[in-house]
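K.L.:
My questions are about this predicted structure, shown below with the sequence.
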Amino acid sequence: MSAPPAAQTSRAPGAAFILKKALISAFVALVLFSLMIGVRTEAGPQGQLIYWTRFGDLAAMVAAVFGGSIIVELLRQWWGPVGTVRIVPPSVQTTLAVARRGIAPVLLVFTFLVPVLFYDERYILDLAILVLTYVMLGWGLNVVVGLAGLLDLGYVAFYAVGAYSYALLATNFGLSFWICLPLAGILAAFWGVLLGFPVLRLRGDYLAIVTLAFGEIIRLVLINWQTLTGGPNGVTGIPRPTLFGIPLTPADDGLAALLGIEFSPTHRIVFLFYIILALALLTNWVTIRLRRLPLGRAWEALREDEVACRALGINTTTTKLTAFATGAMFGGIAGAFFATRQGFISPESFTFHESALVLAIVVLGGMGSQLGVALAALAMIGGFELFRGLDQYRMLVFGMAMVLLMIWRPRGLIGHRAPTVFLKSNQAISSDLVKEGHG
Amino acid sequence: MDYFAQQLINGLVLGSIYGLIAIGYTMVYGIVGMINFAHGDIFMIGGFIALITFLILVSFGLTAIPLILLVVLLVSMAITALYGWTVERIAYRPLRHSFRLAPMLSAIGMSFVLTNYSQVAQGARVKPVPPIITGGYTLHEGAGGFVVQLSNIQIIVVITTVVLLALFTWLVSSTRLGRDMRACEQDQTMASLLGVDVDRTISMTFVIGAALAAVAGMMYLLYYGLVDFFMGFVAGIKAFTAAVLGGIGSLPGAMLGGLLIGLIETLWSAYFSVEYKDVAAFSILIVVLIFLPTGLLGRPEVEKV
């Protein structure tokens, strides 16, 4: 990685330049933080506002910006100008290609073995279930955003519809999880079509804002329609899934008693783990199959060029609607799973933040790459969990990571895609060549 | 009738605040073609800075209200403008020529950063301020004892908005910077070939948008008497709704859209239900976009093959 010494001296920074830049950054930081960090306001005992100063924190922040700016500048000089092509030796390239081909099966086998390897570690199992839920959501949204190129900022609405469908059907009518699962998917797909109809004429950012508004409408209705949804208190006592009608409880008719083994709450966690794994793999399989059907090819054609699509006789209306409905269906199924896993849902779980998180997973995953989405979900949710201790700063770090990742890899972690159809050999295409669609 | 007149006044005041925020969205969208998701949070930051400046001035013993207001206005505009500049510099400029989704996600990330930054820096609790400007006029006393009031603060909000709008229209239509902005909006490559500093113009757009958002934040603080770290999100979406409603990229459209959204929200709360006022605003957005996809004053987008 290191350049020859001669080249290094030729683009030697000039300490004065770096210092000047760092000083300017520090000054800007001083102005930005002067009031927000230098002064802390709080409502006093009588309700009136009081304030006190925190010049120590302010000085520390400004110093951090000063130091950080110098480090960033040095790193930039060392790394060279943006856009430099780094030639990788062919031997390394082939090894990388082999590793890339191998990573998906290895990951799959590892995922299957997670409950075996980490049987005693409840925390890791819970985290794995969470990651898989987001993998499924990411794959579902990938159909809409990655394949059809429709920008959907309200995906959480379908997640919420699925979760509330199952919760309300189960608590009011006593329907079982396995009956409600397809119902939740169908209901969510129905809402997808309902949203799809009006927005078909919209393009790009208009579509983004309408889907965002739709997500907010669903959430506000869930909060305010108290007689049906319980309002902000949510729905409690959502039943757990059963294995062919056998509950996983310590009761006499429970699975543990029937098998004659000692009951452990971990059984249910492992069961849930395999349910979400199966659902996620189903999503993946359906997506891969659909991509090879005329419908899936129409989605990708729509993303690349809508005008050409119409000229070739593809019905863009039904193509967009099916993309919306398919994505929404997977979101709804994931929502039903979320409801049964939590046992309790409230509108707070379905904020815009979730939509943004899933969209970030899809874009980071390289928009359309199935493996990329899985890796991005692992990185985002896993990274998010790493900061659980820093509760207050977690979202701050998450936002910064989102900005930095976009600057570092705007095309996502996996910068290439496998083509859906090919003539002679299956060659990866750079995702720079793939259009993102205009909605 | 009196009740309606009162709601009309309230709606116009709320609409002015939305309109000021919407201008920032519409300007940035016109020039860079991206939704600046962090703009709502810039508005929130403006409110916070106005609050802190106000507290400091009062604790120094200043009592002349007009002087306080002027200083608060200038300080919050200046610092918030710097926030706008910094956000553009850090999160958007490196992605200028990237694909369309990248700056949008970067903007969403920036919005999270700003929201949680002010939560960490200033705490999560709502910050109330005592009413700074009191008094008003009674316009009409109805038969049923209902009084149509026009408070001084409402007058100040509307007058400030009108003055700023006039200033801003003049800036866009008759200054060098305004010409550069319009040039960049039409064709960035051509503008740069003709000697327009595109980077600087875009930076200035963010600075002006943030300054207007700061004014909106200050007006919000004066009018409602509180700020909290989460107020930027909903206000931001509604202001963007206003910008889309008026036709995104059009400055009079943003103001018109802001007024309409303010009126719809107030009238809906007054006559139907307070709980569903946001639902009403968003539903109107969807309905308008179905029938008028380019908004009220927007130009239709020409699709080129």
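P.N.:
Received, thanks.

K.L.:
all strands for the stretch 1-150 of chain B, in order.
P.N.:
When assigned using DSSP state E, counting those that start in this stretch, the strands of the stretch 1-150 of chain B occupy the ranges B:127-128, B:136-141, B:147-151.

K.L.:
Sort out which residues of the next helix or strand after the last one are buried, please.
P.N.:
Proceeding C-terminally, strand B:147-151 gives way to helix B:152-174 as the next helix or strand, assigned by DSSP states H and E. Burial within helix B:152-174, assessed by neighbour count using 16 or more other Cβ atoms under 10 Å in any protein chain shown, is assigned to B:Ile153, B:Gln154, B:Ile156, B:Val157, B:Val158, B:Thr160, B:Thr161, B:Leu164, B:Leu165, B:Phe168, B:Val172. Glycine gets a C-beta too; all of them are placed from N, C-alpha and C.

K.L.:
and the direction of helix B:152-174 versus that of strand B:147-151, what angle?
P.N.:
Direction vectors for helix B:152-174 and strand B:147-151, defined by axes from the mean of the first three to the mean of the last three Cα atoms, to 10 degrees, enclose an angle of 50 degrees.

K.L.:
show me where the stretch 201-350 of chain A has strands.
P.N.:
Across the stretch 201-350 of chain A, reading from the start of the chain, there are no strands by DSSP E, counting those that start in this stretch.

K.L.:
Would stretch B:269-283 count as contacting chain A?
P.N.:
Yes - for stretch B:269-283, a contact with chain A is found by Cβ under 8 Å from any Cβ of the partner chain, at B:Glu275, B:Tyr276, B:Asp278, B:Val279, B:Phe282, B:Ser283.

K.L.:
Which positions within that stretch qualify as buried?
P.N.:
Neighbour-count burial for stretch B:269-283, with 16+ other Cβ under 10 Å as criterion, is recorded at B:Ser269, B:Ala270, B:Tyr276, B:Lys277, B:Asp278, B:Val279, B:Ala280, B:Ala281, B:Phe282, B:Ser283.

K.L.:
list the contacts for A:Ile314?
P.N.:
With contacts defined as Cβ atoms under 8 Å, 6 or more residues apart in numbering or on different chains, A:Ile314 is in contact with A:Ala298, A:Ala301, A:Leu302.

K.L.:
Swap in 6 Å and give it another go.
P.N.:
Counting by Cβ atoms under 6 Å, 6 or more residues apart in numbering or on different chains, A:Ile314 makes contact with A:Ala298.

K.L.:
Relative to A:Val145, how far out is it?
P.N.:
Distance check for A:Ile314 against A:Val145: by Cβ to Cβ, to the nearest Å, it reads 19 Å.

K.L.:
can you tell me which of the strands of the stretch 1-150 of chain B comes nearest to chain A?
P.N.:
Comparison of the strands of the stretch 1-150 of chain B against chain A by Cβ to the nearest Cβ identifies strand B:127-128 as nearest, at 5.8 Å.

K.L.:
Which strands border that closest one, and is each parallel or antiparallel?
P.N.:
Taking DSSP bridges as the criterion, strand B:127-128 sits next to strand B:226-227 (antiparallel) in its sheet.

K.L.:
what's in contact with the strand it pairs with?
P.N.:
Contacting residues not belonging to strand B:226-227 are listed as B:Gly47, B:Phe48, B:Leu51, B:Val126, B:Lys127, B:Pro128, B:Leu221 [Cβ under 6 Å, 6+ apart].

K.L.:
Make CSV out of those and add neighbour count and pLDDT.
P.N.:
Written out in CSV, the entries for the contacts of strand B:226-227 read as follows (neighbours: other Cβ atoms under 10 Å in any protein chain shown; pLDDT from 0 to 100):
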residue, neighbour count, pLDDT
B:Gly47, 31, 94
B:Phe48, 27, 93
B:Leu51, 26, 91
B:Val126, 12, 85
B:Lys127, 21, 84
B:Pro128, 15, 84
B:Leu221, 24, 92
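
K.L.:
so which strand or helix has the residue of the stretch 151-300 of chain B found nearest chain A?
P.N.:
Among the residues of the stretch 151-300 of chain B, B:Phe282 lies closest to chain A, at 3.8 Å counting by Cβ to the nearest Cβ. Assigned by DSSP H and E, B:Phe282 belongs to helix B:277-291.

K.L.:
Show me what that helix is packed against.
P.N.:
Secondary structure elements in contact with helix B:277-291, counted by 3 or more Cβ pairs under 6 Å, 6 or more residues apart in numbering or on different chains; DSSP states H and E, are helix A:204-224, helix B:231-246, helix B:251-271.

K.L.:
one more time with 8 Å
P.N.:
Using 3 or more Cβ pairs under 8 Å, 6 or more residues apart in numbering or on different chains; DSSP states H and E as the contact test, the elements touching helix B:277-291 are helix A:177-199, helix A:204-224, helix B:231-246, helix B:251-271.

K.L.:
Who are the contact partners of residue 253?
P.N.:
Here I'm looking at chain A. For A:Asp253, the contacting residues are A:Ile246, A:Pro247, taking Cβ under 8 Å, 6+ apart as the criterion.

K.L.:
wrong one, chain B
P.N.:
B:Thr26, B:Ala243, B:Leu245, B:Gly246, B:Gly247, B:Gly295, B:Leu296, B:Leu297, B:Gly298.
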